[in-house]
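*Asks:* Generate a structure from the sequence data that follows.
(2 chains, ligands or ions: 3)
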Amino acid sequence: MRPVEIKKDIFWVGAVDWSTIDFHGYSLARKGTTYNAYLVKDEKITLFDTVKAPFCEEFIETIAQVVDPAKIDYIVANHLEPDHAGCLARLVELVKPEKIFVSPMGKRSLEAHFHPQGWPVEEMKTGSTLSLGKRTVTFIETRMLHWPDSMSSYLAEDKLLITNDAFGQNLATTERFADEIDRSKLRAAMSAYYGNIVLPYSSVVEKTLAAIQGMNLDIDMLAPDHGLIFRGEADVRYAIETYLEFAAQKPKNRALVVYDTMWHSTEKMAFAVVDGLMDEGVSARAMHLKSFHQSDVMTELMYCGALAVGSPTLNNGILPGIAGLLTYMKGLRPQNKVAAAFGSFGWSGECVNILKNLLTDMNFEVVEPQVKVKHVPDKDVLAQCVELGRTLGRALKAKL
Amino acid sequence: MAQDRYVCTICGYTYDPKQGDPDGGIKPGTEFKDLPEDWTCPVCGASKDQFEKEG
Ligand SMILES: [Fe+2]
Ligand SMILES: [Fe+2]
Ligand SMILES: [Zn+2]
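*Replies:* Ligands and ions are numbered 1, 2, ... in the order given. Predicted coordinates:
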């Protein structure tokens, strides 16, 4: 891939992954992604992050278009997850760096990943500085954005903040800057990334951004390790404001009705719930879980203040797909949602109670009563589902 | 009254007895040592033994 000079003597030297859709084993990156790494040519030639292992040789060739990789002096590993540190061992062997810089938690992470022998690792706490010659790097620990080891690197002379996974988007493009693509596509990619990776740490996002603002750093470029770079003060502000908006999770007048179904009874109920939401003037979307991935559901939930979940009873439980979805959702800790449960059954009908308990466990405000039906809903049951949608819609509007 | 603050060594969250952990069902005024043994860090989920006294 062609390197791109993003600031004088600072080069994007990452890899574009056009075809990996499975992102980290739990979410889908339907438009591919990039693993961004940044090379700084100064008295000390410094590489910030690497790329995922399958791209190592390509990565080394990309670096070689800027500088002989053997001449790299310093490597900074802002985060040890293998999409960014996947070529670290290969690079250490090739480059024999004078120093490898990581956060204090990064040191533990690096040891547990690589079990290194004699690597020249140095810990950088928040506020630690490193002179590269003409410029100085200040390190900022950004724990839980999104791992304990996560760190950002600030290059004051260049007004550049390298943010690692924060502000990332899964978009495989030839463009390197956010201002080169359509804004609605950018925002959609930011919300999908946030909703599936950053969401559980929203309170940390708020605290960390406030702390960074408190440091009064002059920033005119935010360079994440996935997707596009935010250049210019307006786009830096856009990225930060978008993150603060996502972190706040203010309820929106929109509902998600997600369901799975065996013989279409629960599906019919789902559509009746949608009708009830419409009656209350709430925009709604129904998602059949067999047609959508759990990460698509979480992305949609980013736009919704209400969630209705439907599952039939299967062998005294709920359908495994819905159980999996709710496990995934719980870990991502969405806030400020109202919720409803419905489903059909053959003989025992545990589904709605199980759903209610799982939703309550996530601190969702669950509206009553749940609706369940033996085998096939008739007009009366569908009317109850419409009413459930209306109740949910009213509960949502009370929170707006 | 000690009111010592404890810091999560994984994520940096600080448990402040003055605030407690209302979302985790812990009332303000609860000393760290009095937290249930199965209490976990509200940010990262680390167990109680991963905390160190601040200072
Ligand atoms: Fe990561
Ligand atoms: Fe990443
Ligand atoms: Zn913690």
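*Asks:* What parts of chain B come near chain A?
*Replies:* With C-beta under 8 Å from any C-beta of the partner chain as the criterion, chain B comes near chain A at residues B:10-12, B:23, B:43-44. All C-beta spots, glycine's among them, are computed from the backbone N, C-alpha and C.
*Asks:* Can you pull up the most central residue in chain B?
*Replies:* B:Y15 (3.6 Å; C-alpha atoms, centre = their mean).
*Asks:* So, low pLDDT: which residues of chain B?
*Replies:* Chain B contains residues with pLDDT under 70 at B:1-2.
*Asks:* and with 50 instead?
*Replies:* By pLDDT under 50, chain B has no low-scoring segment.
*Asks:* So which residues of it form strands?
*Replies:* For chain B, the strands defined by DSSP state E cover B:6-8, B:14-15, B:51-53.
*Asks:* Please identify the deepest-packed of those strands.
*Replies:* strand B:6-8 (a mean of 21; mean count of other C-beta atoms under 10 Å in any protein chain shown).
*Asks:* Can you list the neighbours in contact with that strand?
*Replies:* Residues outside strand B:6-8 that contact it (C-beta atoms under 8 Å, 6 or more residues apart in numbering or on different chains): B:13-15, B:32, B:41, B:43-44, B:46, B:50-54.
*Asks:* just so I have it, where are all the helices in chain A?
*Replies:* Counting by DSSP state H, chain A has helices at residues A:56-64, A:82-85, A:88-95, A:104-114, A:183-193, A:202-214, A:233-248, A:265-279, A:294-301, A:320-332, A:351-361, A:379-399.
*Asks:* List the buried residues for the second one?
*Replies:* Of all the residues in helix A:82-85, those buried under the rule 16 or more other C-beta atoms under 10 Å in any protein chain shown are A:83-85.
*Asks:* Any idea which residue of chain A lies closest to ligand 3?
*Replies:* Nearest residue of chain A to ligand 3 (C-beta to the ion) works out as A:M144 at 7.4 Å.
*Asks:* Could you check how far that residue is from A:P104?
*Replies:* 14 Å (C-beta to C-beta, to the nearest Å).
*Asks:* A:T208 too?
*Replies:* Taking C-beta to C-beta, one finds A:T208 at 16 Å from A:P104.
*Asks:* neighbour-wise, which of these two wins?
*Replies:* The neighbour count for A:T208 versus A:P104, taken as other C-beta atoms under 10 Å in any protein chain shown, is higher for A:T208 (22 against 18).
*Asks:* Which residue is the nearest non-sequential neighbour of that one?
*Replies:* Nearest residue to A:T208, sequence neighbours excluded (C-beta to C-beta, 6 or more residues apart in numbering or on different chains): A:T142, at 5.4 Å.
*Asks:* same thing with A:S153?
*Replies:* Nearest residue to A:S153, sequence neighbours excluded (C-beta to C-beta, 6+ apart): A:I162, at 4.5 Å.
*Asks:* Spell out which parts of the stretch 151-300 of chain A neighbour ligand 2.
*Replies:* A:D165 (C-beta under 5 Å from the ion).
*Asks:* Show me which residues of the lowest-mean-pLDDT helix or strand in chain A are buried.
*Replies:* With mean pLDDT, DSSP states H and E as the measure, the helix or strand of chain A carrying the lowest mean pLDDT is helix A:202-214 (a mean of 95). By neighbour count on 16+ other C-beta under 10 Å, the buried set for helix A:202-214 is A:202-205, A:207-209, A:212.
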